[in-house]
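**Student:** Got a predicted model here, sequence first, then my questions.
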Amino acid sequence: MSHPFTVSLVSWHDGEPLLKSIREAVFIREQGVPADLEWDGLDESCRHALALSHSGDAIGCGRMFANGHIGRISVLPQWRKQKAGTAIVEALLDYARAHDYIQVDVDAQTHAVPFYHSFGFVEHGEVFMDAGLPHIKMTLKL
Ligand SMILES: CC(C)(COP(=O)(O)OP(=O)(O)OC[C@H]1O[C@@H](n2cnc3c(N)ncnc32)[C@H](O)[C@@H]1OP(=O)(O)O)[C@@H](O)C(=O)NCCC(=O)NCCS
């Protein structure tokens with residue numbers, strides 16, 4: 001099935017303004033994450049997935065560390081439930097498989113647990129608070 005968006009992997013250097021626009025809208029303005037927690041200084045060390053609409057607007061993103069940890073998975077509200085989040089995570093999982101990672105893990109916001117289940121992630125441990133939001137660790141063996 002074709003989607004009204006494309007997802008590509010970008011460096012922070014190349015994608016910064018567009019990646020920032022999505023995360024500011026979703027995490028800082030919508031979810032109330034403090035800006036100093038959102039901008040944790042770790043983005044330059046990550047690969048980033050960026051979803052663009054066919055008209056070129058940035059609609060979603062996510063990041064992956066070299067150790068297989070993913071995070072900051074986000075889709076603008078008006079673009080949700082159209083599989084953009086799935087395409088972003090799949091792009092990161094493709095990268096992980098291509099680089100022989102043995103597993104990928106995420107600190108999932110608890111509301112997003114069913115989203116990560118759809119890829120086969122399994123939760124473990126206790127719910128914990130981060131940036132004022134409940135999270136749980138989830139892992140996908142590759
Ligand atoms: C979580 C998020 C990235 C999902 O993006 P999306 O593009 O809407 O997701 P998809 O359309 O690819 O959804 C795929 C599946 O995940 C599940 N899912 C997605 N969002 C869900 C939600 N909020 N609650 C429960 N299940 C959800 C559904 O099973 C869905 O399948 P369906 O469409 O057949 O029902 C998006 O809701 C978002 O940006 N939320 C705010 C930021 C956030 O909380 N990010 C997660 C940080 S850990």
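**Tutor:** Nice, thanks for sending it over. Being a predicted model, the structure only gives us computed values, none of them experimental. Numbering: from 1, shown residues only.
**Student:** mind listing the strands in this structure by residue range?
**Tutor:** Along the chain, the stretches classed as strands by DSSP state E are 5-10, 47-53, 58-64, 69-75, 103-109, 122-130, 133-141.
**Student:** Next, count neighbours for whatever residue of the chain ends up closest to the ligand.
**Tutor:** As assessed by Cβ to the nearest ligand atom, the ligand sits closest to residue 85 within the chain, at 2.4 Å. Heads up, the C-betas are built off the backbone N, CA and C, glycines and all. Residue 85 has 21 neighbours, counted by other Cβ atoms under 10 Å.
**Student:** State the pLDDT value of it.
**Tutor:** On pLDDT, residue 85 comes in at 98.
**Student:** surely residue 93 meets residue 106?
**Tutor:** No - contact criterion Cβ atoms under 8 Å: residue 93 and residue 106 do not qualify, at 10.9 Å.
**Student:** Comparing the two, which residue is more hemmed in?
**Tutor:** Counting neighbours by other Cβ under 10 Å for residue 93 and for residue 106 shows that residue 106 has the greater number, 27 against 20.
**Student:** mind listing what the more buried one touches?
**Tutor:** Contacts were defined as Cβ atoms under 8 Å, 6 or more residues apart in numbering; by that measure residue 106 touches 69, 70, 71, 73, 116, 121, 137, 138.
**Student:** for the residue lying closest to residue 79 once chain neighbours are set aside, what are its contacts?
**Tutor:** Nearest non-adjacent residue to residue 79, counting by Cβ to Cβ, 6 or more residues apart in numbering: residue 59, 4.4 Å away. If you count contacts by Cβ under 8 Å, 6+ apart, residue 59 has them with 5, 22, 51, 52, 53, 75, 76, 79, 84.
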